[in-house]
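Chemist: okay, predicted coordinates and the sequence, questions at the end:
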There are 2 protein chains.
Amino acid sequence: MGKYKRSERTILLSKKLLENPNRVYPLREFALELDVAKSSMSEDIKLISKLFKEKEFGDVETTHGAAGGVKFTPYSSENKKDEVLNNLKEILSNSDRVLPGGYLYYSDVIYHPRICDDLGLLFATKYKDEKIDYVLTIETKGIPIAMAAAKYLDAEVVVARRENRVTEGPVMTINYISGSNRRIQTMSLNKRAMQPAKNVLVLDDFMKAGGTAKGLSELVKEYNCNLKGIGVIIDTEKPRKKLVDEYYYLLKLKNINELKREIVIGR
Amino acid sequence: MGKYKRSERTILLSKKLLENPNRVYPLREFALELDVAKSSMSEDIKLISKLFKEKEFGDVETTHGAAGGVKFTPYSSENKKDEVLNNLKEILSNSDRVLPGGYLYYSDVIYHPRICDDLGLLFATKYKDEKIDYVLTIETKGIPIAMAAAKYLDAEVVVARRENRVTEGPVMTINYISGSNRRIQTMSLNKRAMQPAKNVLVLDDFMKAGGTAKGLSELVKEYNCNLKGIGVIIDTEKPRKKLVDEYYYLLKLKNINELKREIVIGR
């Protein structure tokens, strides 16, 4: 008889899996930590796996053998996705969010840890089979969503900067054309930030014409990595023609009327 | 008899608590969701509470009565803290991290979701009794640690910018003197980013002379909020005299020798 009861072991196992998504956790380590035979643990994992599947939290898979392990791949159910996005749509449609110049105030939302986590899971669900190594974004407002998605994907976050800083060491710098105002922009990334031949997901908070997303895609090429996808939280209906062909968005800003203080957001 | 067995209920309850730190979760909601009597649930919560205490994951408290609820306050044990900081110290002491000019390369570490989460829990542990409403930081590299700590503290993240952007609406701008090079710097924050009389924790990745931390503290005053603490991941030994009196740091950069490619980090 081990140190913990089944009801305790399943809590400890669940916690470990929930906190380490997409990582193979060696069964041997678990068994040692919980002071329990591997066979009892298999039963525990079966129970968790069944429950997580039933509740649509994600897949719990076990690989057997000496190097056997257990891995939790979280995903969002369609219901959960609807709930998250409809809630966000409602929050963002509040007329108080119209800023002078017809911009949308949404910083508070993307910096809200719980909302950000939920959105991160949506991107992780979309790209869960792409074996993402890096989530690449650009300062500033892309960082929270990149962190949240990367946690679920077990990836690292890489952040391009708009200005080169002396404290960063050797950087790769590229110029790109901002799609909105056609101005030449610069982005820099530490030379050592990405190893070649890795899988990269580009994420950002907002897309207008897609110039930044295109710049980030070019950066992926410069590092000889594979672009696996581009995702943004909010896309704009106009301009219809974007500088990138394929991308995934969660919400679409259809219209802002500054005079009427009206915001129309769709999905 | 409810829909779920005890071993299943305790997993579902644990998950909810772990994912919603520092929030009071109404028992009634739980009971409804799990289709179980409140009395059975009390037993479940007792089991979780005992286990979380024993494993030093945090406190699970229950408040009784009609508006009764359960709240999980996570904290890091001293052992876990030592493990996290010693590991980080080792990673950061690698001589490959010396950058031209005698700077330290550490972006990959603060953007690593799991490391960042662990560090966030250390700040949340330090300030867990301060009822923090906002974690305030400045772009760019303070954002990940602010997000991680805020999640554990159930706070919102507020990010000051070094430049004012047209897309941000009305902002409060202050000038401050950078402690390192004595230059006048500017930081801006959306006017509506913080409500008055709230409790604010200032977090940043790095402190040299403390000019930025001082600037952020002044911003807290401008919003008529209460400064509850200043925390940084890495502090530098020099200059010894900082522009802020009291602050909490996790690691101290004692010396970098560019020629010898030597990094000395302490705690």
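Modeler: Looks like it came in fine.
Chemist: can I assume A:V157 sits in a strand?
Modeler: Yes. Counting by DSSP: H, G, I helix; E, B strand; the rest coil, A:V157 falls inside a strand.
Chemist: contacting residues around it?
Modeler: A:Y134, A:V135, A:T137, A:I143, A:A146, A:M147, A:A150, B:Y111, B:H112, B:P113, B:P144 (CB atoms under 8 Å, 6 or more residues apart in numbering or on different chains). C-beta here means a position set from N, CA and C on the backbone, and glycine is covered the same way.
Chemist: again, only this time at 6 Å
Modeler: Neighbouring residues of A:V157 by CB atoms under 6 Å, 6 or more residues apart in numbering or on different chains: A:V135, A:A146, A:M147, A:A150, B:Y111.
Chemist: repeat that for A:E258.
Modeler: Contacts of A:E258 by CB under 6 Å, 6+ apart are A:V98, A:G102.
Chemist: thinking again about what came up before, neighbour count, distance to A:I230 and secondary structure for the contacts of A:V157 - can I get that in a markdown table?
Modeler: Converted to a markdown table, those look like this (neighbours: other CB atoms under 10 Å in any protein chain shown; distance: CB to CB, whole Å; DSSP: H, G, I helix; E, B strand; the rest coil):
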| residue | neighbour count | distance to A:I230 | secondary structure |
| --- | --- | --- | --- |
| A:V135 | 30 | 11 | strand |
| A:A146 | 32 | 12 | helix |
| A:M147 | 27 | 17 | helix |
| A:A150 | 30 | 15 | helix |
| B:Y111 | 26 | 19 | coil |
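Chemist: just give me the closest of those to A:K38.
Modeler: Nearest to A:K38 among the contacts of A:V157: A:A150, at 31.2 Å, using CB to CB.
Chemist: hang on, that closest one packs against B:Y111?
Modeler: No. If you go by CB atoms under 6 Å, A:A150 and B:Y111 don't touch, sitting 8.2 Å apart.
Chemist: ok so, going back, any chance of JSON lines for the contacts of A:V157, columns pLDDT?
Modeler: Output for the contacts of A:V157, formatted as JSON lines (pLDDT from 0 to 100):
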{"residue": "A:V135", "pLDDT": "98"}
{"residue": "A:A146", "pLDDT": "98"}
{"residue": "A:M147", "pLDDT": "98"}
{"residue": "A:A150", "pLDDT": "98"}
{"residue": "B:Y111", "pLDDT": "97"}
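Chemist: my guess is A:Q185 contacts A:G179. True?
Modeler: No. With contacts counted by CB under 6 Å, A:Q185 stays clear of A:G179, the gap being 10.1 Å.
Chemist: of those two, who's got more company?
Modeler: A:G179 (21 against 15; other CB atoms under 10 Å in any protein chain shown).
Chemist: and the more buried one, its phi and psi?
Modeler: The phi/psi pair for A:G179 (degrees, to the nearest 10) reads phi -70, psi -30.
Chemist: torsion angles phi and psi at the nearest residue to A:P100 once chain neighbours are set aside?
Modeler: Spatial nearest neighbour of A:P100, excluding adjacent residues (CB to CB, 6 or more residues apart in numbering or on different chains): B:G169 at 6.1 Å. Here is the backbone geometry of B:G169 (degrees, to the nearest 10): phi 80, psi -170.
Chemist: so B:G169 makes contact with A:R97?
Modeler: No. B:G169 is not in contact with A:R97 according to CB under 6 Å; the separation is 9.3 Å.
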